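[1] Provide a 3D model corresponding to the input given below.
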Amino acid sequence: MTLSANELRSRDFSKILLIKLSAVGDVTHTIPVLNKLRRRYPNAQLDWLVTPAIGELLRHHPAIDNVIDFTRDTSASAWSALAGYARLAAKLRKTRYDLVVDLHGQSRTAILTFASGAPVRIGFDKERPEVWAKSRKVTDSFRKHAWYGAREGAWLAYTHHIPLPTLDVHVIDHYLSVGKLLGFDTGPADFSFRIPQSAHDRIDALLRQRDLAGKAFALIAPRGNWETKRWPDEKSAEVARHFLQQGCGAVVVGGPRERHVGANIARLAPGVVDLTGETSISELAALISRAAICIAHDSGPMHLAVALGRPVVALFGPSDTVWAGPYRRENAVVRAALPCSPCYLRRLSRCTHGHACMSDLSTQAVIERADSVLGAVLAPA
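    This next block holds a predicted model:
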């Protein structure tokens, strides 16, 4: 029997599973839900299902009892992958969760949500075209490619649905709207998470090696998974040179696949410290926590910087600042005002405007915004 709204808000769940598999930015956006769940159910077993690479960021969080790895071996045969999926489903069912909150909202997580056997399973409502009528006017590409509800029939696995009355709110507020069903407190979003001491020690050692210990530095994250979010290396290097000329350090970060990007920016801006591919996610968080300012596009480093309370300048092109901008940091966004963006196209080959939303974004605009943000932070109270 499905619980009524009042019964759901008053129920004291004892075993809870939160599902958000990836990526860094999305998982960071979900941390406020985790912290609200812990405050709402202080004595519950609270677990999180996530990919192993991102789970490294969560394993030290005091609100989490167990981080459960969602491993998908793409090199395995279909039967082997299916067997692994079945083993994970059996593991979840054996735990006997009484509440599962699926904020990933795709078929793979919906199947696991249903297979868990939890009597209460919460996820987003299905995609409803009429929601666009209650939202601001957007480009046709935005409407075609953007997320606006549980996909791939995932909503069928849930006993209760998180409604989406409008798309004109940040994704964090969408996630936190589960609190209306569960009776969360109405306090502000809490992004707090624990960075292990080992990560702090590793970053301190790296900064000492690069002669940046105790010095102010700007952290630049120039790339991400989407091809269409990438700013030209020459422009990132020009911003780095600006900070170097001001007597501030400049550090470039990125994943192992972006080592060539960091090397190129370091070549174009002598004096830049290139740490591309040298940090784990927890170490990246420790590094960001020490940065004077973070310059990044809509990406994991930008959202980590917001969660850690660091000054941010966010470069936006194909993605939407209302949904995914730096949370409650509207003054941090820099973008080229073009009628074709946001479009939510991921590959450059699909862009018919020559990547103008990023290539037309001037270094001067970014530098001026960075100086303004830093000036506001450093101004005497």
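[2] how close does residue 234 sit to residue 222?
    The gap separating residue 234 from residue 222 is 11 Å, by CB to CB, to the nearest Å. C-beta here means a position set from N, CA and C on the backbone, and glycine is covered the same way.
[3] more neighbours: these two, which one.
    Taking neighbours as other CB atoms under 10 Å, residue 234 and residue 222 compare with residue 222 leading, 29 against 12.
[4] count the residues that sit near residue 180.
    Residue 180, neighbours per other CB under 10 Å, totals 13.
[5] helix or strand: which one has it?
    Taking DSSP states H and E as the definition, one finds residue 180 inside helix 179-182.
[6] check residue 7 too.
    Per DSSP H and E: helix 5-10 holds residue 7.
[7] could I get the buried residue list for that helix?
    For helix 5-10, burial by neighbour count (16 or more other CB atoms under 10 Å) applies to residue 8.
[8] can you list the domains in the chain?
    The chain breaks down into these domains under automatic domain parsing: 5-182, 202-378.
[9] in a markdown table, list the ones you listed along with mean pLDDT and distance to residue 196.
    As requested, the domains of the chain are exported to a markdown table (pLDDT from 0 to 100; distance: least, CB to CB, whole Å):
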| stretch | mean pLDDT | distance to residue 196 |
| --- | --- | --- |
| domain 5-182 | 93 | 5 |
| domain 202-378 | 94 | 6 |
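[10] which residue ranges form the helices in the stretch 251-381 of the chain?
    Taking DSSP state H, counting those that start in this stretch as the test, the helices found in the stretch 251-381 of the chain are 259-268, 281-290, 300-307, 321-324, 356-359, 363-378.
[11] what's the closest of these to residue 190?
    Relative to residue 190, the nearest member of those by CB to CB is helix 300-307, separated by 9.7 Å.
[12] packing partners for that closest one?
    Packing partners of helix 300-307 (3 or more CB pairs under 8 Å, 6 or more residues apart in numbering; DSSP states H and E): helix 24-40, strand 217-221, helix 281-290, strand 293-297, strand 312-316.
[13] out of those, which comes closest to residue 59?
    helix 281-290 (8.6 Å).
[14] contacts for that closest one?
    For helix 281-290, the surrounding residues in contact (CB atoms under 8 Å, 6 or more residues apart in numbering) are 24, 53-54, 56-57, 60, 193, 195-196, 198-200, 202-203, 206-207, 217, 219, 251, 253, 275, 279, 294, 300-301, 304-305, 308, 310.
[15] angle of that helix against helix 24-40?
    Interaxial angle of helix 281-290 relative to helix 24-40 (axes from the mean of the first three to the mean of the last three CA atoms, to 10 degrees): 90 degrees.
[16] so helix 281-290 versus strand 217-221, what angle?
    Between helix 281-290 and strand 217-221, the angle comes out at 140 degrees (the same axes, to 10 degrees).
[17] buried set for helix 281-290?
    Applying 16+ other CB under 10 Å to helix 281-290 flags 281-290 as buried.
[18] about what we covered before: highest mean neighbour count out of the helices of the stretch 251-381 of the chain?
    Among the helices of the stretch 251-381 of the chain, helix 300-307 has the highest mean neighbour count (mean count of other CB atoms under 10 Å), at a mean of 27.
[19] run the chain-centre distance for it.
    7 Å (CA atoms, centre = their mean, to the nearest Å).
[20] equivalent analysis for stretch 183-192, please.
    Offset of stretch 183-192 from its chain centre (CA atoms, centre = their mean): 18 Å.
[21] average pLDDT for it?
    In this model, stretch 183-192 has a mean pLDDT of 96.
[22] any buried residues in it, and which?
    By neighbour count with 16+ other CB under 10 Å, stretch 183-192 contains the buried residues 184, 189-191.
[23] now, which of those residues sits nearest residue 135?
    Closest approach to residue 135 among the buried residues of stretch 183-192 (CB to CB): residue 189, at 21.6 Å.
[24] residues contacting the following helix or strand past the helix holding residue 7, please?
    Following helix 5-10 in sequence order, the next helix or strand is strand 15-19 (DSSP H and E). By CB under 8 Å, 6+ apart, the list of residues contacting strand 15-19 from outside reads 30, 33-34, 37, 41, 44-49, 68, 92, 95-104, 109, 112-113, 116, 118.
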